[in-house]
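Peer 1: Sequence first, then the predicted structure:
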Amino acid sequence: MTTRRLLILFLLAACTTHAPAAEKQRGMSYACAFSRERDVRYGSPASAEALRELKGMGVNWISIMPFGFHRGTPEIRFGGSRVWETDDSLVAVTKQAHDLGIKVLLKPHLWGRGEIDMSAWNDEQWAAWFEQYTRFIEHYATIARDAKVDAFSIGNEQKAASRHEKECRKIIARVREIYRGPVTYGANFDEVFDVPFWDAVDWIGVSAYFPLVDERAPDRAALVRAWQPIVQRLARLSKDTKKPILFTELGYRSADGAAWRQWEIARDAPANLDAQRVAYEAFFEAVWPQPWLAGVYPWKWYSYPGHARRDDNDYEIENKPAAEVVRRFYSTSASRSARR
């Protein structure tokens with residue numbers, strides 16, 4: 001066989017070889033903390049230490065979350081020196097993560113006092129809100145560009161606003177004029193199947209707080225079964241839109257009833273570390289292997305070590321058995337990716 005024929009066969013084989021699947025985002029929702037005793041905010045030495053801990057768990061992405069604030073009116077306040085997540089701190093924490101080989105998703109949030117009902121707003125109120133929101137998102141898209149952030153979210157759990165397709169598409173288009181990286185939107189679990197602009201983003205984002213089993217402490221098998229219809233719907237959504245799905249948030253309180261309506265759990269509910277652990281195990285068994293899943297960001301890990309107690313009943317997983325579940329699956333996934 002001539003050298004030329006061998007070269008042609010080699011090139012044909014190369015063309016028909018499938019590219020390896022994109023590495024899953026082994027994420028963590030990395031929340032900015034504040035203390036009057038020492039600096040524990042984004043970019044601080046304490047933050048660098050916390051990020052090293054996450055790196056040791058196999059985390060390869062974090063989400064960082066600056067907050068804007070509104071109180072039932074279209075006005076949105078954000079930025080300045082009084083917020084915890086200052087612009088400079090967002091740049092600094094991005095550098096800290098990048099120095100460790102961790103990528104960054106910048107995911108701005110809006111915080112309202114209690115549940116704000118925007119469903120009865122008139123056209124004038126919505127126009128004013130979208131004008132304010134566009135300024136809010138432009139500001140953080142500019143930081144994402146300048147800090148060389150790896151991905152950007154145009155919003156999070158804005159169920160009433162996401163129905164306004166035209167305005168949302170304008171925001172996405174404006175973000176892409178500023179920022180050239182991948183873009184997502186974090187829909188709520190009861191919103192994700194109705195968002196009308198998934199074709200305009202790179203990943204379908206979802207805060208995956210799906211109620212699974214209405215029991216105090218269901219076992220893993222029951223939770224895996226409860227995931228099945230949800231997994232099927234998400235698979236269809238991914239296929240129909242030709243988009244991977246990213247769990248921009250996933251979390252369980254370390255309390256009785258962790259895998260049901262978590263927002264209804266009382267603040268003084270009995271701590272149940274095992275309920276949280278089993279819920280994460282069920283996720284990694286039922287959902288993590290799915291080919292349409294781009295990754296997950298457990299909620300949450302604060303920006304300094306030692307922020308969570310083993311006996312609390314909140315979402316944090318540090319110092320709890322759930323952290324070892326995440327470490328085990330992330331480390332295994334990282335090892336498989338390294339062997340490709």
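Peer 2: Received the coordinates, thanks. Residues are numbered from 1 along each chain as shown.
Peer 1: where along the protein do the helices fall?
Peer 2: Remark: helices assigned in the chain by DSSP state H are 3-16, 45-56, 87-99, 123-146, 165-178, 220-241, 273-286, 321-339.
Peer 1: Quick check: buried residues in the longest one?
Peer 2: Taking 16 or more other Cβ atoms under 10 Å as the basis for neighbour counts, the residues of helix 123-146 that come out buried are 126, 129-130, 132-134, 136-141, 143-145. Glycine gets a C-beta too; all of them are placed from N, C-alpha and C.
Peer 1: Determine which stretch of the helices of the chain is the most buried.
Peer 2: Mean neighbours per residue, mean count of other Cβ atoms under 10 Å, is largest over these for helix 273-286, with a mean of 22.
Peer 1: now the angle from that one to helix 321-339?
Peer 2: Compare the direction of helix 273-286 with that of helix 321-339 by axes from the mean of the first three to the mean of the last three Cα atoms, to 10 degrees and you get 30 degrees.
Peer 1: before we move on, back to that, wait, which of the helices of the chain is closest to residue 308?
Peer 2: helix 321-339 (8.8 Å; Cβ to Cβ).
Peer 1: Between helix 45-56 and the closest one, find me the angle.
Peer 2: Going by the same axes, to 10 degrees, helix 321-339 makes 60 degrees with helix 45-56.
Peer 1: Restricting to C-alpha, output helix 321-339 in CSV.
Peer 2: Backbone C-alpha positions of helix 321-339 (Å, rounded to 0.1, in the frame of the first residue of the first chain) are rendered in CSV as follows:
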residue,chain,number,x,y,z
PRO,A,321,-21.9,13.5,55.0
ALA,A,322,-23.4,15.0,51.9
ALA,A,323,-20.0,16.7,51.2
GLU,A,324,-18.3,13.2,51.1
VAL,A,325,-21.0,12.1,48.6
VAL,A,326,-20.2,15.0,46.3
ARG,A,327,-16.4,14.4,46.8
ARG,A,328,-16.7,10.8,45.9
PHE,A,329,-18.7,11.3,42.7
TYR,A,330,-16.8,14.4,41.6
SER,A,331,-13.4,12.7,42.1
THR,A,332,-14.5,9.6,40.2
SER,A,333,-15.8,11.8,37.3
ALA,A,334,-12.5,13.8,37.3
SER,A,335,-10.5,10.6,37.1
ARG,A,336,-12.5,9.4,34.2
SER,A,337,-12.1,12.7,32.4
ALA,A,338,-8.3,12.6,32.9
ARG,A,339,-8.1,9.2,31.3
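Peer 1: Name the surrounding residues that touch stretch 172-182.
Peer 2: Residues from elsewhere that reach stretch 172-182 (Cβ atoms under 8 Å, 6 or more residues apart in numbering): 134, 137-138, 141-142, 144-145, 149-152, 154, 183, 185, 197, 200-203.
Peer 1: now with 7 Å?
Peer 2: The contact list for stretch 172-182 (Cβ atoms under 7 Å, 6 or more residues apart in numbering) reads 134, 137-138, 141-142, 144-145, 149-152, 154, 183, 197, 200-203.
Peer 1: next one: stretch 238-246
Peer 2: Here stretch 238-246 has contacts from 25, 184, 198-199, 203-206, 234, 237, 292-295, using Cβ under 7 Å, 6+ apart.
Peer 1: centre of the chain versus it, how much separation?
Peer 2: Relative to the centre of its chain, stretch 238-246 is centred 16 Å away, using Cα atoms, centre = their mean, to the nearest Å.
Peer 1: just stretch 318-337 next, same as before
Peer 2: With Cα atoms, centre = their mean, you get 17 Å for stretch 318-337.
Peer 1: Also stretch 130-137?
Peer 2: For stretch 130-137, the distance from its own C-alpha centre to the chain's C-alpha centre is 21 Å (Cα atoms, centre = their mean).
Peer 1: Report the mean confidence score over it.
Peer 2: Taken as a whole, stretch 130-137 carries a mean pLDDT of 96.
Peer 1: next one: stretch 111-119
Peer 2: 70.
Peer 1: and what of stretch 196-207?
Peer 2: Per-residue scores along stretch 196-207 average to 98.
Peer 1: CA atoms only for it - export them in PDB, please.
Peer 2: Extracted C-alpha coordinates of stretch 196-207, given in PDB (Å, rounded to 0.1, in the frame of the first residue of the first chain):
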ATOM      1  CA  PRO A 196     -39.800  30.300  25.400                       C
ATOM      2  CA  PHE A 197     -36.300  31.400  24.600                       C
ATOM      3  CA  TRP A 198     -34.100  28.300  25.200                       C
ATOM      4  CA  ASP A 199     -32.900  28.400  21.600                       C
ATOM      5  CA  ALA A 200     -31.200  31.700  22.400                       C
ATOM      6  CA  VAL A 201     -28.900  30.400  25.100                       C
ATOM      7  CA  ASP A 202     -26.100  27.700  25.200                       C
ATOM      8  CA  TRP A 203     -27.400  25.700  28.200                       C
ATOM      9  CA  ILE A 204     -30.800  25.200  29.600                       C
ATOM     10  CA  GLY A 205     -30.400  26.200  33.300                       C
ATOM     11  CA  VAL A 206     -32.600  25.000  36.100                       C
ATOM     12  CA  SER A 207     -32.700  25.300  39.800                       C
END
